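K.L.:
could you look at this predicted model? Sequence included:
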Amino acid sequence: MVNKARGEAALAAGGREYRMLLTLGALAEIEDGLGLDDLSGVAARLSHTRAADLAIVAAALLRGGGHEVCPADVLRLPCELGALMGAVTAAFESAGLKSQGGRSETAPFPGTPGLPSD
């Protein structure tokens, strides 16, 4: 079970629940894996989602949550694309990366429904 107070998000895949957590290490992996200079480019890069980019981001978040996975493992997870995108968005939002009004400026997938605001 995920600990939302800690900033974790859940991904349900293949009858199992995985934890995603945006750690400093995950941020560095995302920047490096996507070839970005800084985190501000994540949303722009993923606004036109490529499967490889989504796998890089999800794998980094899953490793932040304590799972030993690589992007190729993410591509083999038995889950719907929308569920994966929603979990990635929720991980960014759980880390507080959203702007006023609930619309994410730095989180990936602009306009993707995420968690309700508190």
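P.N.:
Ah, there it is.
K.L.:
run a quick neighbour tally on Met1.
P.N.:
A total of 7 residues lie near Met1 under the criterion other Cβ atoms under 10 Å. From N, CA and C alone the C-beta is placed, and that goes for glycine too.
K.L.:
stretch 47-55: how far from the chain's middle?
P.N.:
Chain-centre distance of stretch 47-55: 11 Å, with Cα atoms, centre = their mean, to the nearest Å.
K.L.:
use 42 as the first number from now on
P.N.:
With 42 as the first residue, the last one maps to stretch 88-96.
K.L.:
any idea how far apart the tips of it sit?
P.N.:
Chord length of stretch 88-96, first to last residue, is 14 Å (Cα to Cα, to the nearest Å).
K.L.:
for it, which positions count as buried?
P.N.:
90, 94-96 (16 or more other Cβ atoms under 10 Å).
K.L.:
do stretch 60-79 as well
P.N.:
Here stretch 60-79 shows 60-63, 67-68, 70-72, 74-75 as buried, counting by 16+ other Cβ under 10 Å.
K.L.:
then stretch 93-109?
P.N.:
So stretch 93-109, judged by 16+ other Cβ under 10 Å, has buried residues 94-106, 108.
K.L.:
now those residues as CSV including pLDDT?
P.N.:
Output for the buried residues of stretch 93-109, formatted as CSV (pLDDT from 0 to 100):
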residue, pLDDT
Asp94, 93
Leu95, 94
Ala96, 96
Ile97, 97
Val98, 95
Ala99, 97
Ala100, 98
Ala101, 98
Leu102, 97
Leu103, 98
Arg104, 98
Gly105, 97
Gly106, 96
His108, 97
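K.L.:
out of those residues, who's nearest Ala132?
P.N.:
Closest approach between these and Ala132, by Cβ to Cβ: Leu102, at 4.8 Å.
K.L.:
can you pull out the low-pLDDT segments for this structure?
P.N.:
139-159 (pLDDT under 70).
K.L.:
all helices for it, in order.
P.N.:
Secondary structure of the chain by DSSP state H: the helices cover 65-75, 83-87, 92-105, 112-116, 122-135.
K.L.:
quick revisit: quick check, nearest of the buried residues of stretch 88-96 to Ala124?
P.N.:
Among the buried residues of stretch 88-96, and counting by Cβ to Cβ, the member closest to Ala124 is Leu95, at 11.7 Å.
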